[in-house]
Every structure is written in C-alpha cells, then in structure tokens.
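# Take a look and give me a structure for this.
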Amino acid sequence: MVKKIGKFFVYFFFFLAVLLFFTPKDVLYHQAEQKLNSLGIVISHEIIEDAGFTFKIRDAQLSVKKIPSVYIKNIKFSVFGFYNSIDVQQIELSKTLKSFAPTKIVFIKAQYTLLNPLHLIANAKGAFGTAEVDIDIVQKKLTLYLHPSKLMLKDYKSTLRNLKKLKTGGYIYEQAL
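Got it, this is the predicted structure:
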C-alpha cells in the first residue's frame with residue numbers, strides 16, 4: 001500500500017514538472033501583454049526566452065499611456081507552483097520621474113510561496129535605498145518599509161513626507177488596495 005502511494009506521488013510530481021517545463025510561456029506572456037495594452041501599458045523592444053522552468057525577458061521598454069516610463073534590462077520569472085518568483089534587474093525610470101525618486105533601481109525580487117500563501121513579498125534595492133513590500137492578499141493591504149539612502153534623505157524630502165517615519169530611522173507606507 002505504501003509503495004502504491006509513493007509511486008502515485010512520484011508520478012504526480014513528475015507530471016507536474018513536465019507540465020511546467022513544456023508549458024508555452026511565451027504564449028502566456030503575449031496574453032498578459034494584451035491585457036496590459038488594454039490598460040494603456042505597452043511593453044516594447046523586448047527579447048523573450050523560454051528557458052525550461054524559467055522565462056526571461058531582456059531589454060524591455062515600458063510605456064504608460066504612450067509615455068516612455070521604464071527601461072528594464074532583465075526580468076526572470078520562475079514558476080514552480082509551490083514557490084514562484086520574479087527577479088527584475090537594472091531598472092531605469094524615466095527622467096520625468098526624477099523629481100519624485102532616484103531613477104536607478106538595482107533589483108526587485110518578488111516571491112509567492114505556499115509556506116506563506118496569504119502574502120506576496122518583495123524586496124528592492126536602488127539609489128533610493130532598500131525597500132521591503134508586503135502585500136496581504138486577504139486584507140488587500142500594501143505595506144512598504146523604506147530604508148532611505150543618503151541621496152533620498154537629502155534630495156527627496158518631499159517624497160519622504162508622504163511616508164510615516166519610524167523610530168528606527170526607516171519609513172513606512174500603508175495603502176488599502
């Protein structure tokens with residue numbers, strides 16, 4: 001009996017691995033891109049690559065309502081079902097956003113796992129400092145913890161006024177979604 005149950009789980013996980021590996025991720029990407037187009041968000045000049053269990057996008061330019069807004073060097077999607085992540089590296093915001101925050105972002109890493117199924121967690125590092133984001137799916141609440149850099153403290157005081165200062169020296173921002 002134990003052998004049959006063990007054999008079932010081995011076959012089941014093998015089937016899931018094969019399904020994830022051979023899923024046409026580029027088709028899913030183009031469908032998501034069409035949904036974003038209807039919202040006025042256009043991704044252009046990107047190079048897409050299906051790498052088995054991961055999906056990569058390089059050199060993407062993002063425009064919002066026909067205004068060039070973001071250049072992203074690398075995006076890597078890893079979807080395993082029980083652990084899913086998005087790694088975004090070398091992001092440069094448009095110069096029009098320079099009055100609100102520094103335009104260089106080194107990386108953003110977002111992850112969703114079955115070990116913590118009610119939260120989407122993200123970390124970011126850039127010229128602004130470091131940030132941790134927690135999105136509570138049940139309460140529909142976004143919480144941002146910002147540890148600002150010296151540049152952010154010096155040149156972007158008006159942006160920091162929109163955040164609540166913590167006793168530890170960091171800042172917090174909470175928003176209902």
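# In contact with the closest residue to residue 160 other than its chain neighbours: list those residues for me.
Distance criterion CB to CB, 6 or more residues apart in numbering; nearest residue to residue 160, sequence neighbours excluded, is residue 171 at 6.1 Å. In short, each C-beta sits where N, CA and C put it, glycine included. For residue 171, the contact set (CB atoms under 8 Å, 6 or more residues apart in numbering) comprises 145-148, 160, 163-165.
# hmm, 6 Å instead?
146, 163, 165 (CB atoms under 6 Å, 6 or more residues apart in numbering).
# One more: residue 69?
By CB under 6 Å, 6+ apart, the contact set of residue 69 is 62, 94.
# C-terminal to the host helix or strand of residue 120, what's the next element?
Using DSSP states H and E, residue 120 sits within strand 119-126. Downstream of strand 119-126, the next assigned helix or strand under DSSP H and E is strand 129-136.
# Buried residues, that following strand. List them.
Neighbour-count burial for strand 129-136, with 16 or more other CB atoms under 10 Å as criterion, is recorded at 129, 131, 133, 135.
# outside of the helix or strand just after that strand, which residues touch it?
Moving toward the C-terminus from strand 129-136, the next helix or strand (DSSP H and E) is strand 141-148. Applying CB under 6 Å, 6+ apart, the contact partners of strand 141-148 are 129-135, 170-177.
# same deal with stretch 107-117?
With contacts defined as CB under 6 Å, 6+ apart, stretch 107-117 is touched by 82-89, 120-125.
# before we move on, the earlier item: using a markdown table, lay out the buried residues of strand 129-136 together with distance to residue 15 and pLDDT.
Listed next are the buried residues of strand 129-136 as a markdown table, based on distance: CB to CB, whole Å; pLDDT from 0 to 100:
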| residue | distance to residue 15 | pLDDT |
| --- | --- | --- |
| 129 | 44 | 96 |
| 131 | 39 | 97 |
| 133 | 34 | 97 |
| 135 | 31 | 96 |
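# If we only consider those residues, which is nearest to residue 6?
residue 135 (37.2 Å; CB to CB).
# Number of residues surrounding the closest residue to the closest one other than its chain neighbours?
Nearest residue to residue 135 in three dimensions, chain neighbours excluded: residue 120, at 4.2 Å (CB to CB, 6+ apart). When neighbours are defined as other CB atoms under 10 Å, residue 120 has 18 of them.
# again, but for the one 4 residues further on
Here the count is done by other CB under 10 Å, and residue 124 has 20 residues near it.
# so it sits right up against residue 131, yeah?
Yes. Applying CB atoms under 6 Å as the test, residue 124 and residue 131 come out as touching, 4.6 Å apart.
# what's the pLDDT at the spatially closest residue to residue 65 that is not a sequence neighbour?
Taking CB to CB, 6+ apart, and ignoring the residues beside it in sequence, residue 65 has residue 40 as its nearest neighbour in space, at 4.4 Å. Looking at residue 40, its pLDDT is 92.
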